[in-house]
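Participant: Sequence isn't available, so here's the structure alone:
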């Protein structure tokens, strides 16, 4: 067996070290690129968002709707406010109709103003009734906070709206 001179041994060791460094560098670069692509797949391309959407949506709904006392109170008050507005419009319509038929009769110009006001109030009343009914049907959000003392739906053809079973309508006061 022939013995290599010391220079040849050193040269071989350096070659192996250089080659091992290249392999190590390539391995680290491959690992980093794989990690970046994996993170982009999970976070950047929406896979993570898609997978967790149902859970995040339910948690967000609980936080915003059921968990927020401010939202609950505002939604609860919203139905009373809409119903009260409908009752106020009804009272205004009754008062204007009473003015149309009272003595002395209003002049033609005043009668036109009264009729225009009645039409506007009837439109506003219908808008508030429709909004009340639409919001009451929203069982996932606002509708679940409507007071049990309020009607489930308001009727467009009802002359006097009852907002609660325990309070009289404005027509009786």
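Facilitator: Okay, I see it. All values reported here derive from a predicted model rather than from experimental measurement. Residues are numbered from 1 along each chain as shown.
Participant: alpha carbons only for contacts and neighbour counts from here, please
Facilitator: Fine.
Participant: Which residue ranges of the protein form helices?
Facilitator: 6-39, 47-61, 69-101, 108-136 (DSSP state H).
Participant: Going by mean pLDDT, which of the ones you listed comes out lowest?
Facilitator: The minimum mean pLDDT among those belongs to helix 47-61 (a mean of 64).
Participant: which residue packs closest to residue 92, ignoring adjacent ones?
Facilitator: Excluding the flanking residues, the one nearest residue 92 by C-alpha to C-alpha, 6 or more residues apart in numbering is residue 121, at 7.6 Å.
Participant: Residue 37 versus that neighbour, what's the distance?
Facilitator: Going from residue 121 to residue 37 by C-alpha to C-alpha, to the nearest Å gives 62 Å.
Participant: And these two? Which one has more around it.
Facilitator: Here residue 121 and residue 37 are compared on neighbour count by other C-alpha atoms under 10 Å; more neighbours surround residue 121, at 19 against 13.
Participant: Now do the same contact list for the more buried one.
Facilitator: Listed by C-alpha atoms under 8 Å, 6 or more residues apart in numbering, the contact partners of residue 121 are 89-90, 92-93.
Participant: Throw those residues into CSV and include neighbour count and distance to residue 136, thanks.
Facilitator: Formatted as CSV, the contacts of residue 121 follow (neighbours: other C-alpha atoms under 10 Å; distance: C-alpha to C-alpha, whole Å):
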residue, neighbour count, distance to residue 136
89, 21, 20
90, 23, 21
92, 16, 25
93, 21, 25
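Participant: List just the nearest of those residues to residue 113.
Facilitator: Nearest to residue 113 among the contacts of residue 121 is residue 93, at 12.6 Å by C-alpha to C-alpha.
Participant: ok, and the closest non-adjacent residue to the closest one?
Facilitator: Leaving out its chain neighbours, the residue that sits closest to residue 93 by C-alpha to C-alpha, 6+ apart is residue 118, at 5.6 Å.
Participant: returning to what we had before: could I get the helices of the chain as a markdown table with distance to residue 154?
Facilitator: Formatted as a markdown table, these follow (distance: least, C-alpha to C-alpha, whole Å):
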| stretch | distance to residue 154 |
| --- | --- |
| helix 6-39 | 53 |
| helix 47-61 | 27 |
| helix 69-101 | 8 |
| helix 108-136 | 6 |
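Participant: Out of those helices, flag the one nearest residue 163.
Facilitator: Distance to residue 163, taken as C-alpha to C-alpha, is lowest for helix 69-101 among these, at 5.7 Å.
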